[in-house]
Structures are given as structure tokens and as C-alpha cells.
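# Model the following, please.
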Amino acid sequence: MSETSVSRADRRFVTLAERIVEPTAFTCNEWMSRPDVVPCRELLLVRATMEPGRSHPFHCHPTREEIIYVISGRAEQWCGTEHRILGPGEMVLIPKGEVHGTYNPHSEPLVFLAILSPCEAPGPDVVDRAGEVPWRDLRERNHLPPCE
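Down below sits the predicted model:
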């Protein structure tokens, strides 16, 4: 069977041509594992590129845990009210329901993998918390530069 004739139901390998590219307000996402790419049940995998000065502000995933793994650039990564600057090869584990945010106040693009589980979780997928206390001014109180 040739690469081009493999159906999604039988796909185990994903080429660049088969990924799903999805621009969002926060990042440009390249989906490698989700139900419309491969027959996954437990794992979602997206490679995200965040331009300098951008962010995915504070939010949570009520029914999924997440790993964010930095490929290149640097992430100002929040998990709860704690943050770290993560570089290539570093990651954070975000438990289900934990408020978190990813910010790129740096001069280079940030590229990271987000791995979420389970794949087929009940909604909502994402809940915005950026306008709520204590999240709405947490970065400002920590004297961090603004990001969109």
C-alpha cells in the first residue's frame, strides 16, 4: 500500500503533507495526532509556533492533562501562579483543570509540542481564565513585559 492510499483509519505515520495546519489567535498549530489525522483515542499532539510578543493567556483544560515541551526559543511558562523560563529540551506537566499560560516576550519565535490526554474528553476543551483574579494582572504584578 503506498503512502498516499493509506486511509486515516489505518494511518500510523504522519507526513508533513498529512498534518493539519491551523492558525489561531495565539499560535500556528500543526496537528500531528488528533482523530481527523490518525485513529487516536488517548493522545493529542500539536506542534505550535508562537511569534515574539504573542501568548496563549491564562486558561485551563478541565478534562485533559497537558505536557508542553519546548523545541526552540524560550517560553515564559506558567502553571498555576508559578512560572519558569523554559528552553529547548525542557517541559512542564499541567494537571487537569490547572490554570496555565504560555507567553513569548522574547525576540525569537517559540516552537513547542503540546501533548494532551485523553483525546476524546468531554468539553469544554479550553476555559479562558485571563480576565479573572488573580490571572488578569499576575504578569504585570511580576513586572513582566506585555504580550498580545
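# for the chain, which spans come out with low pLDDT?
1-5 (pLDDT under 70).
# What ranges does it have for its strands?
Ranges of strands in the chain, per DSSP state E, are 20-23, 28-33, 44-50, 55-60, 65-72, 75-79, 82-86, 91-94, 100-103, 110-117, 127-128.
# So which elements touch the fourth one?
Applying 3 or more C-beta pairs under 8 Å, 6 or more residues apart in numbering; DSSP states H and E, we find strand 55-60 packed against strand 100-103, strand 127-128. C-beta coordinates here come from the backbone N, C-alpha and C atoms, glycine included.
# so which of the strands of the chain is the most packed in?
strand 100-103 (a mean of 25; mean count of other C-beta atoms under 10 Å).
# what residues does stretch 37-46 touch?
Applying C-beta atoms under 8 Å, 6 or more residues apart in numbering, the contact partners of stretch 37-46 are 8-12, 14, 18-20, 29-34, 64, 113-120.
# Among the helices and strands packed on strand 55-60, which comes closest to S55?
strand 100-103 (4.2 Å; C-beta to C-beta).
# Please write out the alpha-carbon positions of the closest one in CSV.
Only the C-alpha atoms of strand 100-103 are listed here, as CSV (Å, rounded to 0.1, in the frame of the first residue of the first chain):
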residue,chain,number,x,y,z
HIS,A,100,-1.7,27.9,32.9
GLY,A,101,-0.4,30.3,30.2
THR,A,102,2.4,30.4,27.7
TYR,A,103,4.0,33.7,26.8
